[in-house]
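Asker: kindly generate the corresponding structure for this input.
(chains A and B)
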2 protein chains.
Amino acid sequence: VSAGLKKSGRRDVCIIAAEEPCSAAGVFTINTMAAPPVIISRAHLADGRLSAIVVNAGNANACTGERGFDDARAMASACARALHCDPSAVAVASTGVIGVPMPMQQVLAGIAEAATSLDSTAGDAVAEAIMTTDTFAKQTALRTTISGRTYTVGGAAKGSGMIKPNMATMLAFVTTDAPLDAPSCDAILRAAVATTFNRVTVDSDTSTNDCCILMASGAAGGRTLEAGSEAHTAVSAMVTEVCGELARMVARDGEGATKLVTVEVRGAASEADAKAVAFAIADSPLVKTAIFGQDANWGRVAMAVGKSGASIDPAKLGITFAGIRTCVDGTAVPFDEDEAAQALAAAEVEILVELHVGRASATVWTCDLSYEYVRINGEYRS
Amino acid sequence: VSAGLKKSGRRDVCIIAAEEPCSAAGVFTINTMAAPPVIISRAHLADGRLSAIVVNAGNANACTGERGFDDARAMASACARALHCDPSAVAVASTGVIGVPMPMQQVLAGIAEAATSLDSTAGDAVAEAIMTTDTFAKQTALRTTISGRTYTVGGAAKGSGMIKPNMATMLAFVTTDAPLDAPSCDAILRAAVATTFNRVTVDSDTSTNDCCILMASGAAGGRTLEAGSEAHTAVSAMVTEVCGELARMVARDGEGATKLVTVEVRGAASEADAKAVAFAIADSPLVKTAIFGQDANWGRVAMAVGKSGASIDPAKLGITFAGIRTCVDGTAVPFDEDEAAQALAAAEVEILVELHVGRASATVWTCDLSYEYVRINGEYRS
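Answerer: Residues are numbered from 1 along each chain as shown, chains lettered A, B, ... in the order given. As a prediction, the model looks like this:
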């Protein structure tokens, strides 16, 4: 519903609810200034059960002191009252400006209205209500049938600035009808997030409000899936695929982005090194502006490899920029600038770095850095 | 001199030389893709003696393989031949595009020409010849008289992108006529750089070519200054002040910068924590775009404090943004938006963060992130 938190008048409050309490797990920001809704939700998820998630966009309820905690608790209570469930079975997620008290009268009115308009076909409205500077709503779903039983996994997420999730992206919600217990939810979600949301960066800034929650209702029927079973493995793979698809949408829709950039690092001495190199490249404003300018300035990739702190051998470095080999054995190789310009005009650009010092690899998704990023963030609060 | 390395036709090759071999010390980038001139200069400075520095702008001679080493050595040799000194007494510094072989014919002609036009009043020409995207030449000098003897310290530096020095800024050269031995040069330079050039960031990107070199000719006369003596202390303070002034010029002239931003962190548990918090703020694209937009969006400072990994207590955080108290005890305090807008319109903005968990502090200098940064770096190589 539209509760009036967004100046645009768009939807800004929503509730994701299950008919019966679900198994659930969440991962949250490791920013030490974590917002009250993050801290309340973490507590409410301690028992691995959740009936609903109440979400607002337009205000992050961060740096709001004791009042912020009272407000987050009041949101959970209002949702629980309306849905006749336990307040501790309600998670709260907020996104928007930091350091402004929540306009609780509007928020509570919005929660009351949302609770009366729950609808199993309202996924679009949820994906829309959680948007801030996102330019498109982000949702995806997968379905599979194992031994005659059909399992569905769906998810929605929002970006699109202050994105270097370190547990999850700003906000992401994944639901499934598969019968999973809480430990399975937790294990599946953590594994999925590690290689999806935690491999995305828009601007290297980790939000105070990141959270990703998985709810499993069991409505698909059958007994609780056991780890290692075919159905458990299939559901886990679908959760990872849904998270990966949403993570790539978040990168593609990073603030001001004109391109989705995939950075792949191979041949690193360790996975930590591979990640460090990939993020040093993906976070580099110089690499990102070069891609915006459609300039095959691969020297900036070499710079980022070198500043990453990872163990490398400068004489072995290989760089393939948008499919064009630009650096072999640490040395420039001539390439066709016209061909490079054409490759860089595409909506998706891949940077492949081969370190040739080990066998570890990592992939990170990001976007370019454009005038529009500066405009959005120079004007954001005004 | 103009050797034709810059498309603009501006000066791009220069020599800084002393009449007699000097005591000298250098600090260099820790980027593991360090360029050949960095590696050659480090070797030539091993004995703490230097007669000259040969510098070019327009080409970084980085990622150029074996040929890059040959070219850097050839530059030192050509300079030494022209000045009748030992090639190992010549340091080489290069700045510009990465991954393009040096146009040695032009470079060698430039060195020959520069060597015939040495002039003790040519400091301006040096500061100009080392510029790349800098908008103004950066030099400063200080003079003091101790016990009837006058000592002078002068320096020149260049910025202005790929700036998060981790030993020194892109290129900085400091000279003094004080009689210092090589260990004194080294100790004085390292101490000065730690709190000056190593506390500057423009875009969080550490160059492959950073270097800062101090040459001490002893031309002021008198015996070698002993550590702890009044004159040694005074010269050391002047070197730090010259480096600090140059470092602030580099930040003020960061690519596309409209403002010099000083980030001061107080009350940290350790100096490492204070530095981590200050750099998390100074490197945050969201903080930098807010300052460009003259928006007192202090919540982004709180976000950066939280993502820094430093030990903090969210309930004790204080933030003063452009002189206006916006956050006390981790909670927003109301402030006058008009007053804030006026304060943020100034050419210099200070962000003060008080952690109240210890006694350590750190100051870092940076600039805002503007459309112009994106333009400069989207078009740089084209």
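
Asker: residues of the longest strand that chain A contains that come out buried?
Answerer: When chain A is parsed with DSSP state E, its longest strand is strand A:13-28. Using 16 or more other C-beta atoms under 10 Å in any protein chain shown as the burial criterion, the residues of strand A:13-28 that qualify are A:13-18, A:21-28. The way it works is simple: take the backbone N, C-alpha and C, and place the C-beta from them, glycine included.

Asker: redo the residues you listed as TSV? Include pLDDT.
Answerer: As requested, those are exported to TSV (pLDDT from 0 to 100):
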residue	pLDDT
A:Val13	96
A:Cys14	95
A:Ile15	96
A:Ile16	94
A:Ala17	94
A:Ala18	92
A:Pro21	92
A:Cys22	92
A:Ser23	92
A:Ala24	92
A:Ala25	91
A:Gly26	89
A:Val27	87
A:Phe28	87
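
Asker: listing partners with orientation, what would you give for the longest strand of chain A?
Answerer: When pairing is defined by DSSP bridges, strand A:13-28 lines up against strand A:49-59 (antiparallel), strand A:211-216 (antiparallel).

Asker: is chain B within reach of the helix or strand immediately after that strand in the chain?
Answerer: Using DSSP states H and E, the helix or strand that follows strand A:13-28 towards the C-terminus is helix A:36-44. No. Helix A:36-44 is not in contact with chain B by C-beta under 8 Å from any C-beta of the partner chain; minimum separation 9.7 Å.

Asker: who does helix A:36-44 touch, helix- and strand-wise?
Answerer: Helices and strands touching helix A:36-44, as assessed by 3 or more C-beta pairs under 8 Å, 6 or more residues apart in numbering or on different chains; DSSP states H and E, comprise strand A:13-28, helix A:65-83, strand A:90-97, strand A:211-216.

Asker: report the angle between that helix and strand A:49-59.
Answerer: 180 degrees (axes from the mean of the first three to the mean of the last three C-alpha atoms, to 10 degrees).

Asker: in the stretch 101-250 of chain A, where is pLDDT below threshold?
Answerer: Within the stretch 101-250 of chain A, the segments meeting pLDDT under 70 span A:163-170.

Asker: what does it put close to chain B?
Answerer: So far as C-beta under 8 Å from any C-beta goes, the stretch 101-250 of chain A lies against chain B at A:101, A:161-162, A:164, A:166, A:203-208.

Asker: now the strands for the stretch 201-350 of chain A?
Answerer: Remark: strands assigned in the stretch 201-350 of chain A by DSSP state E, counting those that start in this stretch are A:211-216, A:260-268, A:318-321, A:324-328, A:331-332, A:348-354.

Asker: stretch A:24-40: how far from the chain's middle?
Answerer: 14 Å (C-alpha atoms, centre = their mean, to the nearest Å).

Asker: give the buried residues for the lengthiest helix in chain A.
Answerer: Determined from DSSP state H, the single longest helix within chain A is helix A:230-252. Across helix A:230-252, burial judged by 16+ other C-beta under 10 Å covers A:231-232, A:234-236, A:238-252.

Asker: go on, stretch A:62-78?
Answerer: Buried residues in stretch A:62-78, counted by 16+ other C-beta under 10 Å: A:62-65, A:68-69, A:71-78.

Asker: in TSV: those residues, plus distance to B:Val374.
Answerer: Output for these, formatted as TSV (distance: C-beta to C-beta, whole Å):
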residue	distance to B:Val374
A:Ala62	28
A:Cys63	29
A:Thr64	33
A:Gly65	37
A:Gly68	35
A:Phe69	39
A:Asp71	38
A:Ala72	37
A:Arg73	43
A:Ala74	42
A:Met75	38
A:Ala76	42
A:Ser77	46
A:Ala78	43
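
Asker: one step back: from the buried residues of strand A:13-28, pick the one nearest chain B.
Answerer: Checking these against chain B by C-beta to the nearest C-beta gives A:Phe28 as the nearest, at 12.4 Å.

Asker: you'd agree that closest one is up against A:Val38?
Answerer: Yes. A:Phe28 is within contact range of A:Val38, at 5.0 Å (criterion: C-beta atoms under 8 Å).

Asker: overlap in contacts, the two.
Answerer: A:210-211 (C-beta atoms under 8 Å, 6 or more residues apart in numbering or on different chains).

Asker: wait, is A:Glu372 part of a strand?
Answerer: No. Secondary structure of A:Glu372 (DSSP: H, G, I helix; E, B strand; the rest coil): helix, not part of a strand.

Asker: so who does the closest residue to it other than its chain neighbours touch?
Answerer: The shortest distance from A:Glu372 to any non-neighbouring residue, by C-beta to C-beta, 6 or more residues apart in numbering or on different chains, is to A:Gly256 (3.2 Å). Residues counted as contacts of A:Gly256 (C-beta under 8 Å, 6+ apart) are A:367, A:369-376.

Asker: out of those residues, which is nearest to B:Ala82?
Answerer: Proximity of the contacts of A:Gly256 to B:Ala82 was ranked by C-beta to C-beta; the top entry is A:Leu369 with 43.5 Å.

Asker: neighbours around that closest one, how many?
Answerer: Look at A:Leu369: counted by other C-beta atoms under 10 Å in any protein chain shown, it has 32 neighbours.

Asker: my guess is it contacts A:Phe292. True?
Answerer: Yes. Proximity of A:Leu369 to A:Phe292 meets the contact threshold set by C-beta under 8 Å, at 5.8 Å.

Asker: overlap of the contact sets of the two?
Answerer: Contacts common to A:Leu369 and A:Phe292, judged by C-beta under 8 Å, 6+ apart, are B:Val374.

Asker: could you point out which residue ranges in the stretch 251-382 of chain A have low pLDDT?
Answerer: A:380-382.

Asker: could you count how many residues lie near the residue in the stretch 1-150 of chain A positioned nearest to chain B?
Answerer: Residue nearest to chain B within the stretch 1-150 of chain A: A:Ile98 (2.5 Å; C-beta to the nearest C-beta). Burial of A:Ile98 is recorded as 27 neighbouring residues (other C-beta under 10 Å).

Asker: do the same with A:Val333
Answerer: Other residues lying near A:Val333 total 15 when counted by other C-beta under 10 Å.

Asker: how near is it to chain B?
Answerer: 9 Å (C-beta to the nearest C-beta, to the nearest Å).

Asker: close enough to count as contact, that residue and A:Ile324?
Answerer: No. Applying C-beta under 8 Å, one finds A:Val333 not in contact with A:Ile324, separated by 9.5 Å.

Asker: and the end-to-end length of stretch A:154-171?
Answerer: One end of stretch A:154-171 sits 14 Å from the other (C-alpha to C-alpha, to the nearest Å).
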